[in-house]
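> sequence below, structure please.
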Amino acid sequence: MVKPNPGRGPAPSPLEPGLYITATPIGNARDVTLRALDVLRESDAIVAEDTRTTAKLLAIHAISRPLLAYNDHNAPRMRPAILARLARGERIALVSDAGMPLISDPGYKLVKAALAAETKVHVIPGASAALAALVLSALPTDRFLFAGFLPSARAARRSALAELKSATCSLIFFEAPQRLAESLRDMCEVLGARQAAVARELTKLHEDVRRDELCALADLYKSGSPPRGEITIVVGPPPEALPDWTHADALLDRALAYMPARTAAEFVSDALHLPRRLVYNRAIARKDSPDHDG
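Now for the predicted structure:
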């Protein structure tokens with residue numbers, strides 16, 4: 001029988017069989033959740049992208065469990081073995097080197113296969129570099145798109161950026177230090193003048209966030225040695241383009257000669273796909289103008 005643990009909340013329930021997608025800290029080891037520690041302690045095995053990295057985290061929290069490596073290189077061979085253990089009713093924790101598993105990390109096919117085998121899959125949420133950088137960026141957070149790592153080849157990278165250019169939301173990227181400067185330059189040239197932030201070493205001792213226009217950030221990082229540590233780039237949405245009223249005003253003037261302002265505004269708004277209220281306000285202003293002949 002598990003005894004209550006006064007002052008630390010309710011005692012954890014026994015861990016049921018299944019696959020546990022378990023978030024780990026992105027830097028500061030104290031950012032692991034109490035629930036994640038319970039899962040790591042009670043699991044029959046921990047599946048990790050790099051067992052050496054995970055072993056350090058386990059040592060900090062005095063946890064000793066069997067570690068299995070699961071990465072892009074050995075996944076086809078390891079996946080059946082892990083699924084077999086899950087089929088036997090084991091409790092398996094899936095972790096990445098840092099943050100939430102499956103986010104730019106291996107594990108998607110394992111989760112999909114586990115669900116196909118009717119294995120119960122649980123999520124133990126926690127730290128995320130993408131979200132941490134977004135909220136520190138001072139850029140819009142209501143809509144965002146996580147684009148992961150851009151291609152390393154310049155032509156492919158610029159092509160990928162061109163596909164994202166029309167997205168009207170903040171964009172989040174991961175990038176390697178040695179490619180940061182050239183990626184920022186391509187972003188500046190393809191996405192245009194946008195506000196952005198480069199977040200480095202989040203939650204660690206030397207955490208650093210630089211906020212500026214893309215082109216200014218590209219100039220900042222093009223000189224000197226590449227910065228160290230894990231890097232997340234957040235790019236703001238494109239600035240809202242102001243309508244070109246030249247054609248709209250000319251059409252309004254012609255319409256106002258034959259119809260009331262509200263009707264003219266509805267006609268021009270529908271024809272040019274402009275906000276109806278803005279067109280109506282311009283129609284009233286133009287109708288009341290001394291230069292208007294109507």
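
> surely Ala129 meets Glu230?
Yes - using C-beta atoms under 8 Å, Ala129 makes contact with Glu230 at a distance of 6.5 Å. C-beta: built from backbone N, CA, C; applies to glycine.

> list the residues that contact both of the two?
26, 98, 174, 202 (C-beta atoms under 8 Å, 6 or more residues apart in numbering).

> turn those residues into a markdown table, columns for neighbour count and secondary structure.
What follows is the shared contacts of Ala129 and Glu230, written out as a markdown table (neighbours: other C-beta atoms under 10 Å; DSSP: H, G, I helix; E, B strand; the rest coil):
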| residue | neighbour count | secondary structure |
| --- | --- | --- |
| Ile26 | 25 | coil |
| Ala98 | 24 | coil |
| Phe174 | 18 | strand |
| Leu202 | 25 | coil |
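
> tell me how this protein divides into domains.
With automatic domain parsing as the criterion, the domains of the chain are listed as 18-127, 130-235, 245-287.

> reformat these as a markdown table; add mean pLDDT.
Compiled in a markdown table, those are given as follows (pLDDT from 0 to 100):
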| stretch | mean pLDDT |
| --- | --- |
| domain 18-127 | 96 |
| domain 130-235 | 95 |
| domain 245-287 | 87 |
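
> ok, now how distant is the residue nearest to Ser96 when sequence neighbours are not counted from Ile63?
Of all residues beyond its chain neighbours, the one nearest Ser96 is Asp105 (4.0 Å), with distances taken as C-beta to C-beta, 6 or more residues apart in numbering. As for Asp105, its distance to Ile63 is 20 Å (criterion: C-beta to C-beta, to the nearest Å).

> please identify which of those two sits among more neighbours.
Neighbour totals were compared for Asp105 and Ile63, and Asp105 leads with 19 against 16 (other C-beta atoms under 10 Å).

> quickly find the element holding that one.
Secondary-structure element containing Asp105, defined by DSSP states H and E: none, the residue being outside all helices and strands.

> wait, what's in contact with it?
Contact criterion C-beta under 8 Å, 6+ apart gives 49, 96-97, 99 as the residues in contact with Asp105.

> for Ile21, helix, strand, or coil?
Using DSSP: H, G, I helix; E, B strand; the rest coil, the structure places Ile21 in strand.

> which residues in the protein form helices?
Counting by DSSP state H, residue ranges of the helices within the chain are 34-42, 51-60, 75-87, 108-116, 129-136, 154-164, 180-191, 214-222, 245-256, 261-272, 276-287.

> who's in contact with the first one?
Identification of contacts with helix 34-42 by C-beta under 8 Å, 6+ apart yields 8-9, 12, 14-15, 20, 22-24, 46, 58, 61, 63, 65, 91, 93, 95, 124, 126.

> which of these fall in strands?
Restricting the contacts of helix 34-42 to those inside strands, with DSSP state E as the criterion, leaves 20, 22, 46, 91, 93, 95, 124.

> burial count for the closest residue to the second one other than its chain neighbours?
If you skip the residues right next to it in sequence, Thr22 has Ile124 as its closest partner in space, 4.3 Å away by C-beta to C-beta, 6+ apart. The local packing count at Ile124 equals 22, with neighbours defined by other C-beta under 10 Å.

> and what of the one 10 residues further on?
Counted with other C-beta under 10 Å, the neighbours of Leu134 add up to 22.

> got the contact list for it?
141, 144, 170, 172, 234.

> as a markdown table, those with distance to Trp245 and neighbour count would be great.
Formatted as a markdown table, the entries for those read as follows, by distance: C-beta to C-beta, whole Å; neighbours: other C-beta atoms under 10 Å:
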| residue | distance to Trp245 | neighbour count |
| --- | --- | --- |
| Thr141 | 32 | 13 |
| Phe144 | 31 | 21 |
| Ser170 | 29 | 23 |
| Ile172 | 35 | 23 |
| Val234 | 33 | 26 |
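
> could you work out the most separated pair of the residues you listed?
Checked with C-beta to C-beta, the contacts of Leu134 reach their widest spread between Thr141 and Ile172, with 10.5 Å between them.

> which residue, other than its chain neighbours, is closest to Cys169?
Excluding its sequence neighbours, the residue lying closest to Cys169 (C-beta to C-beta, 6+ apart) is Arg143, at 3.7 Å.

> correct me, but that neighbour touches Gly236?
No - the pair formed by Arg143 and Gly236 falls short of the contact definition of C-beta under 8 Å, at 11.2 Å.

> I'm done for today, thanks for sticking with me.
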